[in-house]
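**Q** Sequence and predicted structure, then a few things I'm wondering about:
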Amino acid sequence: MTTAPHALVVGATGIAGSAIVDRLLQDGWAVTALSRRPGAAQAGLSWRSADLRSAESLAQALRDVPATHVFFTAWSRQATEAENIAVNGGMVRDLLAALAGAPVEHVALMTGLKHYLGPFEAYGQGTMPDTPFHEDEPRLDVPNFYYAQEDELFAAAARQGFTWSVHRSHTVLGYAVGNAMNLGLTIAAAAAISRHTGRPLVFPGSATQWNGLTDVTDADLLAAQMVWAATSPEGADEAFNTANGDVFRWRWMWPRIAAHLGVEAVGFVDAPRPFEEQMAAAAPVWAEIVAQHGLVEPDLDRVASWWHTDADLGRDIEVMTDMSKSRLAGFTEHHRTIDSFTRLFDRYRAERLIP
């Protein structure tokens, strides 16, 4: 590092962003956190607010931030992939342009496995690489906002002289509230509602997901890999898959999760039973649970993202990644996924978000 390290974390209140902030602060970094709304105050942390879709808002918010390392974890879901490309590619472009005068040395971009699977509009369609996915697979011949984000990153790196890394995570398990893609808290909320109503926790997904192998990404591991890549020569100008390092079957994991959450488990039988259908009338039940247990978040929509968990667990394709590349490069952190789930549930209980 040529100057004192100063991290800018974009999307700092999300599952991944908050884990990166925590990791950096633990390691003694000065951190600027960027989000639409500021989060909790912490020593060594300053908050900036901006609309990531506005070049003017970004320029104003970042004009005096001496960022040496940027961790970009934000995205904005749009109605079509063409809009996703315009908005999400534009966010990367405009943010890095706003930092043109800063001493940026490295930018780490979080994307995901839609790099291999295709965007929402063409998800799992057409020819895909075999699992486990490897980083050197060619791009799919379909528009994809992840590719647009990468291209904006590569162009800015060539123009501004920093190194980069791309981190392709699977489903991310971590602590956040109000996140649109929070599988861990969604399952925990479903378990609480099921237990309160005397019903079992019914697996919402497909036979393929129930029986097949898969993996997930602990947000703490994602944070560790992004910081490693940002500060290690071996991480410069590379894309890395980012998953816990183990694989599992939901038919093995589901009863263990249910037992930890104190509810009976029921697996796949005949057809998917999506959470959106199971929990269609759950808001009043959640209100009863909140009142009975003194929970801190009464809005079920900020706790559970039924649609995303249904999409994740309802896939009719096997999804898992190869982690050899980053391991051979020197990143060897490994998380056991059952522990990722139970630690997360225990934290949500301690914060009184679930009973």
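**A** Cool, the structure landed. What you see is a predicted model, and the numbers here were worked out from it, not measured in a lab.
**Q** Okay, strands next: where are they in the stretch 1-150 of the chain?
**A** 6-10, 30-35, 45-49, 69-72, 106-112 (DSSP state E, counting those that start in this stretch).
**Q** now, of the ones you listed, which is deepest in the fold?
**A** When the strands of the stretch 1-150 of the chain are scored by mean count of other C-beta atoms under 10 Å, the highest mean neighbour count falls to strand 69-72 (a mean of 29). Heads up, the C-betas are built off the backbone N, CA and C, glycines and all.
**Q** if we can go back for a sec, may I see the strands of the stretch 1-150 of the chain organised as JSON lines, with mean pLDDT and distance to Thr231 added?
**A** Output for those, formatted as JSON lines (pLDDT from 0 to 100; distance: least, C-beta to C-beta, whole Å):
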{"stretch": "strand 6-10", "mean pLDDT": "98", "distance to Thr231": "10"}
{"stretch": "strand 30-35", "mean pLDDT": "97", "distance to Thr231": "14"}
{"stretch": "strand 45-49", "mean pLDDT": "96", "distance to Thr231": "19"}
{"stretch": "strand 69-72", "mean pLDDT": "98", "distance to Thr231": "8"}
{"stretch": "strand 106-112", "mean pLDDT": "98", "distance to Thr231": "8"}
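**Q** I'd like those as JSON lines, with distance to His170 appended.
**A** Formatted as JSON lines, the strands of the stretch 1-150 of the chain follow (distance: least, C-beta to C-beta, whole Å):
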{"stretch": "strand 6-10", "distance to His170": "21"}
{"stretch": "strand 30-35", "distance to His170": "23"}
{"stretch": "strand 45-49", "distance to His170": "28"}
{"stretch": "strand 69-72", "distance to His170": "18"}
{"stretch": "strand 106-112", "distance to His170": "7"}
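**Q** Now do the end-to-end distance for stretch 193-212.
**A** The separation between the terminal residues of stretch 193-212, taken as C-alpha to C-alpha, to the nearest Å, is 27 Å.
**Q** which parts of it are buried?
**A** For stretch 193-212, a neighbour-count test (16 or more other C-beta atoms under 10 Å) marks 193-196, 201-206, 208-210, 212 as buried.
**Q** What helices and strands are in contact with the longest helix anywhere in the chain?
**A** Ranked by residue count, the top helix of the chain under DSSP state H comes out as helix 145-160. Packed against helix 145-160, as judged by 3 or more C-beta pairs under 8 Å, 6 or more residues apart in numbering; DSSP states H and E, are the following elements: helix 90-98, strand 106-112, helix 114-117, strand 163-169.
**Q** repeat that for 6 Å
**A** Using 3 or more C-beta pairs under 6 Å, 6 or more residues apart in numbering; DSSP states H and E, the elements in contact with helix 145-160 are helix 90-98.
**Q** contacts for the helix it packs on?
**A** Helix 90-98 has contacts (C-beta atoms under 6 Å, 6 or more residues apart in numbering) with 52, 55, 58-59, 62, 149, 152-153, 156.
**Q** The helix or strand hosting Ala311 - what's its average pLDDT?
**A** Element membership for Ala311 (DSSP states H and E) is helix 306-313. Across helix 306-313, the average pLDDT comes to 94.
**Q** residues contacting the residue positioned nearest the centre of the chain?
**A** By C-alpha atoms, centre = their mean, the mean C-alpha position of the chain lies nearest to Val172, the distance being 4.3 Å. The contact partners of Val172, taken as C-beta under 6 Å, 6+ apart, are 15-16, 217, 219.
**Q** do the same with Ser340
**A** By C-beta under 6 Å, 6+ apart, the residues touching Ser340 are 173, 218.
**Q** go with 7 Å
**A** 173, 218, 244 (C-beta atoms under 7 Å, 6 or more residues apart in numbering).
**Q** Which parts of the host helix or strand of it count as buried, going by neighbours?
**A** Assigning secondary structure by DSSP H and E places Ser340 in helix 337-350. For helix 337-350, the neighbour count (16+ other C-beta under 10 Å) marks 337, 340-345, 348 as buried.
**Q** what do you get for stretch 146-161?
**A** Residues of stretch 146-161 classed as buried: 146-150, 152-153, 156-157 (neighbour count, 16+ other C-beta under 10 Å).
**Q** Which residues outside stretch 63-77 are in contact with it?
**A** Contact partners of stretch 63-77, identified using C-beta under 7 Å, 6+ apart, comprise 1, 3, 5-11, 14, 16-17, 20, 32, 48, 52-53, 87-88, 91-92, 99, 102-110, 180, 226, 230.
**Q** What's the end-to-end length of that stretch?
**A** Start-to-end span of stretch 63-77 (C-alpha to C-alpha) is 27 Å.
**Q** pLDDT below threshold where in the protein?
**A** Within the chain, the segments meeting pLDDT under 70 span 1-3.
**Q** Contacts made by stretch 9-23 with the rest, please.
**A** By C-beta under 7 Å, 6+ apart, stretch 9-23 touches 31, 33-35, 39, 45, 70-74, 95, 110, 172, 174-176, 179, 182, 219-220, 222-224, 226-227.
**Q** redo that, cut-off 6 Å
**A** 31, 33-35, 39, 71-74, 110, 172, 174, 176, 179, 219-220, 222-223, 227.
**Q** cool, and stretch 189-206?
**A** By C-beta under 6 Å, 6+ apart, stretch 189-206 touches 254, 258, 261-268, 272-275, 282, 285, 289, 303-304, 310, 313-314, 316, 354-355.
**Q** So which of those belong to strands?
**A** 265-266 (DSSP state E).
**Q** From the contacts of stretch 189-206, keep the buried residues only.
**A** Burial by neighbour count, 16+ other C-beta under 10 Å: within the contacts of stretch 189-206 this picks out 254, 258, 261, 263, 265-268, 272-275, 282, 285, 289, 303-304, 310, 313-314, 354-355.
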